[in-house]
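Chemist: No sequence on hand, only this structure:
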Ligand SMILES: C[S@@+](CC[C@H](N)C(=O)[O-])C[C@H]1O[C@@H](n2cnc3c(N)ncnc32)[C@H](O)[C@@H]1O
């Protein structure tokens, strides 16, 4: 179980700025436009796990220990994910979005911030059931190499399986959900034929560019960690990466309303945060 | 005793868990409109809490619509915000909400500690936090932060709470917090806005 940030860990805003600066200069990752309140929580959480009490200790280790930095990066990002999370959204995908995408000879989908893959595996199942998987190319990217390494194994933990199966049914799934997995002691492995069209790659939404054109982009619970400036950059990147009338899906509690691209999209399913790029 | 008279309140944060809804409703009903401050509520694990709250509030007094904030929504006075299920609710220095999908804290997401700590950071002395009934230990550290940043902390008197462990844990960690019965809280809130 996770403890809340320890009250004795003291990190001032200035110290956090100095740490962000150090990471940028020494390792090339830019966290300056991450949402401040949650970044502060994550950094103090890392300090707690590392047994540090002061910003000085953290700076010392970041400066002198490259391996420590990679551990830090892995713990800094929020890597939590689920299969078929928010079933209503997946139901909408199944019933409204996939039939539209079916008219494309090749369907290109980008999961930005895919974490350990649960979301893209869910999408592969939907595409498979719609008979579209053989025409789909799924790109799943993340900033965190440890997440991608895990995702490539195609293994998900067994304990939430029951909940996932329930989500799947709520999302309109009628088949035997567990049939999509092979069960091992260390986890449930998604059948390789469902995964063979997924490309996992590192891509940093802060600094990397457009790399393809997509009919559907899914970026859920990633931009909540960014401030408005970075949200504007990233949503513009998505706009530029979508084909005309392409779809963008963001988290249920996120909104394009607070970003600059808002006039260029329309929400096609009210309240579900599925948007379509205007021509 | 008048804790809140003459005090500039910018935000009232209320945290509750099992057994807290009836007291929460009576507190909210005692606040008369327009409210010069923002009200932020964090309640654990009640799937239908939004509709239940909306219903209870709209019945009778018909004021304060319940808003579950989206990420980056501005924090405004005279509004009642409810932390959405499955996210932690934080406040940024520029007075916008920010949501966080990180691990539950003390088995809770939303976590009262996380929101109270964030409220304390941003609002300091302008924060009032009330912790109600509950069967876990969430909120104790959040109350700690509220006090450390100069805000006013109120804990429901355990003998009046349907579940005592949450108020008890908070009192253990915060000897200096104000421990009040629901009627006393209502009285304080009335005086603050009256
Ligand atoms: C909470 S997870 C969301 C996982 C999944 N999309 C979902 O909703 O279940 C956030 C993910 O965003 C990734 N992330 C954070 N910053 C990023 C960046 N700058 N570029 C790409 N991915 C990033 C994290 O590594 C993490 O895997």
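Modeler: Alright, I've got the coordinates. As the structure is a prediction and not an experimental result, all values here were calculated from the model.

Chemist: in chain B, what secondary structure element scores lowest on mean pLDDT?
Modeler: Between all helices and strands in chain B, the lowest mean by mean pLDDT, DSSP states H and E belongs to helix B:49-58, at a mean of 66.

Chemist: After that helix, heading C-terminal, what element do we hit next?
Modeler: Next along the chain after helix B:49-58, taking DSSP states H and E as the criterion, comes strand B:66-67.

Chemist: can you pull the contacts of residue A:152?
Modeler: A:117, A:200 (C-beta atoms under 8 Å, 6 or more residues apart in numbering or on different chains). Bear in mind the C-beta positions are built from the backbone N, C-alpha and C, glycine included.

Chemist: State the phi and psi torsions of it.
Modeler: Note on residue A:152: backbone dihedrals following degrees, to the nearest 10 are phi -60, psi -20.

Chemist: And it, what's its pLDDT?
Modeler: You'll see residue A:152 listed with a pLDDT of 98.

Chemist: Could you measure from it over to residue A:117?
Modeler: Residue A:152 sits 8 Å away from residue A:117, going by C-beta to C-beta, to the nearest Å.

Chemist: Give me the common contacts of the two.
Modeler: Joint contacts of residue A:152 and residue A:117 (C-beta under 8 Å, 6+ apart) are residue A:200.

Chemist: Can you show me the helices along the stretch 151-279 of chain A?
Modeler: A:161-170, A:192-195, A:228-241 (DSSP state H, counting those that start in this stretch).

Chemist: Contacts for stretch A:225-243, please.
Modeler: By C-beta under 8 Å, 6+ apart, stretch A:225-243 touches A:33-36, A:38-39, A:77-78, A:110, A:112, A:205-206, A:209-215, A:217, A:219, A:223, A:248, A:256, A:258-261, A:264-265, A:277, B:72, B:92, B:96, B:100.

Chemist: Can you narrow the residues you listed down to the ones near the ligand?
Modeler: A:77-78, A:205-206 (C-beta under 6 Å from any ligand atom).

Chemist: Which ones, among the residues you listed, also lie beside chain B?
Modeler: Restricting those to those within reach of chain B (C-beta under 8 Å from any C-beta of the partner chain) leaves residue A:78.

Chemist: In the ones next to the ligand among the contacts of stretch A:225-243, find the pair that's most separated.
Modeler: Greatest spacing in those, by C-beta to C-beta: A:78 and A:206 (15.3 Å).

Chemist: who's more crowded, these two?
Modeler: Between residue A:78 and residue A:206, counted using other C-beta atoms under 10 Å in any protein chain shown, the more crowded position is residue A:78 (22 against 16).

Chemist: what sits against the more buried one?
Modeler: Contacts of residue A:78 by C-beta under 8 Å, 6+ apart are A:38, A:42, A:221, A:225, B:100-103.

Chemist: same deal with residue B:124?
Modeler: By C-beta under 8 Å, 6+ apart, the residues touching residue B:124 are B:149-151.

Chemist: out of those residues, who's nearest residue B:24?
Modeler: Nearest to residue B:24 among the contacts of residue B:124, with distances taken as C-beta to C-beta, is residue B:151, at 19.2 Å.

Chemist: Tell me the residues on the stretch 51-200 of chain A that lie near chain B, please.
Modeler: A:78, A:80.

Chemist: any chance you could map the strands in chain B?
Modeler: Secondary structure of chain B (DSSP state E): strands located at B:11-16, B:38-43, B:66-67, B:80-82, B:88-91, B:97-100, B:127-131, B:152-156, B:178-180.

Chemist: Show the low-confidence segments of the chain, by residue range.
Modeler: The chain I'm using is chain A. Low-confidence segments of chain A, defined by pLDDT under 70: A:1-8.

Chemist: could you do chain B instead?
Modeler: Residues of chain B meeting the criterion pLDDT under 70: B:1, B:45-51, B:53-64, B:193-194.

Chemist: what does it put close to chain A?
Modeler: B:68-73, B:84, B:87-88, B:90-93, B:96, B:98-107, B:111, B:113-114, B:117-118, B:121, B:141, B:144-145, B:148.

Chemist: repeat that for 7 Å
Modeler: B:70-72, B:84, B:87, B:90-93, B:98-103, B:105, B:113-114, B:118, B:141, B:144 (C-beta under 7 Å from any C-beta of the partner chain).

Chemist: Mind giving me the PyMOL select for the residues you listed, buried ones only?
Modeler: Restricted to buried positions by 16 or more other C-beta atoms under 10 Å in any protein chain shown, the PyMOL selection for those reads:
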select buried, chain B and resi 70+71+72+84+87+90+91+92+98+99+100+101+102+105+113+114+118+141+144
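
Chemist: Looking at the residues of chain B next to chain A, which are in helices?
Modeler: Under the assignment DSSP state H, the residues of chain B next to chain A contribute B:113-114, B:118, B:141, B:144 to helices.

Chemist: ok so, going back, out of the contacts of residue B:124, who's nearest the ligand?
Modeler: Using C-beta to the nearest ligand atom, residue B:149 is the member of the contacts of residue B:124 that sits closest to the ligand, with 28.2 Å.

Chemist: list the contacts for the residue nearest the centre of chain A?
Modeler: Centroid check for chain A by C-alpha atoms, centre = their mean gives residue A:113 as the closest residue, at 2.6 Å. Contact partners of residue A:113, counting by C-beta atoms under 7 Å, 6 or more residues apart in numbering or on different chains, are A:142, A:219, A:222.

Chemist: what do you get if the cut-off is 8 Å, keeping everything else the same?
Modeler: Per C-beta under 8 Å, 6+ apart, neighbours of residue A:113: A:141-143, A:205, A:219-222.

Chemist: ok, now residue B:171?
Modeler: By C-beta under 8 Å, 6+ apart, the neighbours of residue B:171 are B:155, B:158, B:177, B:179.

Chemist: so how far is residue B:136 from it?
Modeler: Using C-beta to C-beta, residue B:171 is found at 15 Å from residue B:136.

Chemist: same question, residue A:30
Modeler: From residue A:30 to residue B:136 the distance is 38 Å (C-beta to C-beta).

Chemist: Which residues of chain B lie near the ligand?
Modeler: Checking chain B against the ligand by C-beta under 6 Å from any ligand atom, the hits are residue B:101.

Chemist: Which part of chain B gets nearest to the ligand, residue-wise?
Modeler: Taking C-beta to the nearest ligand atom, chain B has residue B:101 as its residue nearest the ligand, at 4.6 Å.

Chemist: can you pull the contacts of that residue?
Modeler: By C-beta under 8 Å, 6+ apart, the neighbours of residue B:101 are A:78, A:80, A:221, A:224, A:251, B:86-88.

Chemist: just residue B:161 next, same as before
Modeler: B:19-20, B:23, B:132-134, B:167.

Chemist: Can you flag which of the residues you listed belong to helices?
Modeler: Counting by DSSP H, the contacts of residue B:161 contribute B:23, B:167 to helices.
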